[in-house]
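Novice: Provide a 3D model corresponding to the input given below.
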Amino acid sequence: MIKNTTTRSFRSWPRPLRILSLVAAGVLALAIIGASAFAGYTAFLAPPLAKAQQEQCDHSFSSDAGRAACVAGHPDKAKAADRTAAQLAKQHALVKRCQSQYDDLTAQTDCANGDTASADADQAAADKAAADAEKAATAGQSYDNPVAVGTHVSMQNTNRLDGSVVTYSEWISGFNADWRGYDEFEAPDAGMKYVAFVVHVQATDAGVDAGAIAYDASFTDATGNVYDHADAEFEAKPQMPQVTLGAGQQTSGVVVFQVPASVSTGVATFGDGTVFEAVR
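Specialist: Numbers count the residues shown, from 1 in each chain. The predicted model follows:
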């Protein structure tokens, strides 16, 4: 009779081996049960729990960073993130408000730092600087903003028979608000008087007609009335000579205007009213 040595019952295994096998089987069973439970949790329980947690975090915190920290299970970090976000939002709103109130960058910075007094002072200084720059850039272009008396104004003489253009400088001096250098035949009309100033002409280019240039000068009073040359001018001393200047040469002469007796200030106007120089 031949024995079957290939099949042995579990009970015939050595005891340690049987115990080890039972432990392995238990571990395998627990692993299978755990995996099944995890799969069930992941598939059925986790989504609604995660959704509920997200909704709770969305309700409790206003910032994205705060909600993310809440979902990750860090409520303290979530609160800190919300405080930081609130501070940044407040600062951003303040910067926007300052930008709407002030044009000057330094004023905006002071305003954002809470120093409105300095911001107001900075903006006032910037406004004044801008106004001064604009006034300087347009000096001599209007009655209200003439250049100072004695300012050399560069001009061009284009009204010439040969069509050429010559450049010269013109300025005034010696304004007399009640000129009396006339004789009995040239007395001003009733209620009128003469004013006079000295016109200076210096040629930049050769060929400047000094006499013609002098007649480009006129007088404008405070109300904007423009006065032409008076006949009494021809007796004024010294008269503007009728000469043609060479390059670099200069000359001068008195020009006279008849104005109402009440007029005492105004501006000298050169070049058909395109340049203004104060005489008040």
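Novice: three-state assignment of the residue sitting nearest the centre point of the chain?
Specialist: Nearest to the geometric centre of the chain sits Asp103, at 6.2 Å (C-alpha atoms, centre = their mean). Per DSSP: H, G, I helix; E, B strand; the rest coil, the local secondary structure of Asp103 is coil.
Novice: verify the stated contact: it with Ala125.
Specialist: No. Contact criterion C-beta atoms under 8 Å: Asp103 and Ala125 do not qualify, at 11.8 Å. C-beta here means a position set from N, CA and C on the backbone, and glycine is covered the same way.
Novice: can you list the domain ranges for the chain.
Specialist: For the chain, automatic domain parsing gives the domain ranges 15-60, 64-96, 103-137, 153-278.
Novice: as JSON lines, the ones you listed with distance to Tyr143 would be great.
Specialist: Shown next, in JSON lines, are the domains of the chain (distance: least, C-beta to C-beta, whole Å):
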{"stretch": "domain 15-60", "distance to Tyr143": "69"}
{"stretch": "domain 64-96", "distance to Tyr143": "43"}
{"stretch": "domain 103-137", "distance to Tyr143": "13"}
{"stretch": "domain 153-278", "distance to Tyr143": "6"}
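Novice: in a markdown table: these, plus distance to Pro146 and mean pLDDT.
Specialist: Below are the domains of the chain laid out as a markdown table (distance: least, C-beta to C-beta, whole Å; pLDDT from 0 to 100):
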| stretch | distance to Pro146 | mean pLDDT |
| --- | --- | --- |
| domain 15-60 | 69 | 69 |
| domain 64-96 | 43 | 89 |
| domain 103-137 | 11 | 93 |
| domain 153-278 | 4 | 87 |
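Novice: buried deepest among those, which one?
Specialist: domain 153-278 (a mean of 17; mean count of other C-beta atoms under 10 Å).
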